[in-house]
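Q: Below is the structure, and that's it, no one-letter string:
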């Protein structure tokens with residue numbers, strides 16, 4: 001069953017985009033413990049491996065069930081369009097301990113054995129201490145895992161917001177949401193989200209926060225419970241080329257494997273692009289570029305997404321690895 005978000009007229013006027021360094025920190029921590037998310041993050045994972053090994057992230061992982069509820073107090077919706085991590089973590093530290101305890105117990109119940117575990121019981125025994133210790137751990141994770149790369153991450157997230165803001169002006173919210181992700185379906189005043197779990201909420205005039213994320217792929221997340229503002233997080237555009245350095249040449253090995261034309265097209269897709277854009281960039285006939293793109297897509301090295309009248313091609317994790325020589 002899909003998750004359902006029910007809009008009223010005022011909700012359509014109160015939708016906004018946001019970027020959250022706290023959310024990205026939480027999702028980066030979650031990604032470390034979820035191999036299914038590693039495809040686009042191979043370069044980052046290799047680079048932070050040693051630093052991550054020095055962190056005890058188990059208390060946070062305990063509150064990140066594979067399916068189910070993660071406590072809203074630990075990763076609340078962004079408090080503004082350009083909030084800093086320091087502002088966001090201050091809101092976490094200010095969480096009401098008893099409300100945090102309630103949410104934490106609900107989250108622990110979604111992981112078999114967690115509620116009865118010694119660590120789970122310790123968290124619930126002293127909620128004041130729990131709030132401060134988990135906030136400290138989240139802040140350490142930020143400084144260790146994300147802060148050095150935040151300018152690069154923020155640039156990608158802000159580019160996503162800029163692109164989808166333009167599309168919002170062109171096609172409206174009803175046209176934009178299915179473009180952002182194929183799992184979003186718009187019918188009348190209800191947004192249906194085809195993903196794991198079941199969540200239903202009347203937005204009741206609060207509107208919806210749309211939030212791109214680098215680390216959430218391949219998931220989408222529809223959250224939060226009242227009184228938090230409803231938020232929809234989705235994979236940001238262009239994550240396939242986020243960690244790859246610009247390609248200055250096409251390797252001979254890749255040419256031998258794919259042929260000159262296909263290898264050149266694959267290595268040129270540092271960012272999603274259309275057939276026409278690649279044709280101009282590479283000085284090749286559109287028909288040749290189109291044939292190469294189709295072959296690369298059919299072999300699992302690219303995916304294509306439609307945005308309005310345009311079809312954008314981007315690398316899959318396998319295509320990114322081949323293009324960057326990380327195989």
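A: Nice, I can see it. Source: prediction; values computed, not measured. Numbering: from 1, shown residues only.

Q: buried residues in the lengthiest helix in the chain?
A: Across the chain, the helix with the greatest residue count (assigned by DSSP state H) is helix 150-180. When neighbours are counted by 16 or more other Cβ atoms under 10 Å, the buried residues of helix 150-180 are found to be 150, 153, 156-158, 160-161, 163-164, 167-168, 173, 176-177, 179-180. Placement of C-beta: from N, CA and C, glycine included.

Q: now, among those, which is nearest to residue 264?
A: Nearest to residue 264, judged by Cβ to Cβ, of the buried residues of helix 150-180 is residue 156 at 24.1 Å.

Q: Return the residues in contact with that closest one.
A: The neighbours of residue 156, taking Cβ atoms under 8 Å, 6 or more residues apart in numbering as the test, are 214, 236-239, 242.

Q: again, only using 6 Å
A: By Cβ atoms under 6 Å, 6 or more residues apart in numbering, the contact list for residue 156 reads 236, 238, 242.

Q: Now intersect the residues you listed with the helices, please.
A: Cross-referencing those against helices under DSSP H gives no overlap.

Q: does residue 256 sit in a helix or strand, and which one?
A: Assessed by DSSP states H and E, residue 256 sits inside helix 252-258.

Q: and that helix, what's its mean pLDDT?
A: The pLDDT scores in helix 252-258 average 88.

Q: Just say helix, strand or coil for residue 217.
A: Assigned by DSSP: H, G, I helix; E, B strand; the rest coil, the conformation of residue 217 is coil.

Q: Relative to residue 26, how far out is it?
A: Distance, residue 217 to residue 26, by Cβ to Cβ, to the nearest Å: 15 Å.

Q: Please enumerate the helices of the stretch 201-327 of the chain.
A: Taking DSSP state H, counting those that start in this stretch as the test, the helices found in the stretch 201-327 of the chain are 252-258, 260-268, 275-282, 286-298, 317-324.

Q: quick one: buried residues of the shortest one?
A: In terms of neighbour count (16+ other Cβ under 10 Å), helix 252-258 has its buried residues at 254, 258.

Q: who's in contact with that helix?
A: For helix 252-258, the surrounding residues in contact (Cβ under 6 Å, 6+ apart) are residue 263.

Q: before we move on, back to that, most neighbours among the contacts of residue 156, please name it.
A: Using other Cβ atoms under 10 Å as the neighbour criterion, residue 236 leads the contacts of residue 156 with 25 neighbours.

Q: Can you tell me which of the helices of the stretch 201-327 of the chain is nearest to residue 114?
A: Using Cβ to Cβ, the nearest of the helices of the stretch 201-327 of the chain to residue 114 is helix 317-324, at 30.3 Å.

Q: Please compute how far the closest one lies from its chain's middle.
A: Offset of helix 317-324 from its chain centre (Cα atoms, centre = their mean, to the nearest Å): 19 Å.

Q: elements contacting that helix?
A: helix 260-268 (3 or more Cβ pairs under 6 Å, 6 or more residues apart in numbering; DSSP states H and E).

Q: which residues are in contact with the helix it packs on?
A: Outside helix 260-268, the residues touching it (Cβ under 6 Å, 6+ apart) are 247, 250, 254-255, 292, 296, 319, 323.

Q: in that helix, what counts as buried?
A: The neighbour-count check on helix 260-268 (16+ other Cβ under 10 Å) flags 261-268 as buried.

Q: repeat for stretch 142-150
A: Residues of stretch 142-150 classed as buried: 142, 144-146, 149-150 (neighbour count, 16+ other Cβ under 10 Å).

Q: could I get the residues you listed as CSV with distance to residue 104 and pLDDT?
A: Listed next are the buried residues of stretch 142-150 as CSV, based on distance: Cβ to Cβ, whole Å; pLDDT from 0 to 100:
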residue, distance to residue 104, pLDDT
142, 20, 97
144, 23, 96
145, 22, 96
146, 23, 95
149, 29, 88
150, 28, 88
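
Q: Name the pair among the residues you listed with the greatest separation in space.
A: The widest separation within the buried residues of stretch 142-150 (Cβ to Cβ) is 12.2 Å, between 144 and 150.

Q: Could you give me the buried positions within stretch 219-239?
A: 219-224, 229-239.

Q: What is the distance between that stretch and the centre of its chain?
A: With Cα atoms, centre = their mean, you get 9 Å for stretch 219-239.

Q: and if you look at stretch 184-200?
A: 18 Å.

Q: again with stretch 202-215
A: Centroid separation for stretch 202-215 versus its chain: 13 Å, with Cα atoms, centre = their mean.
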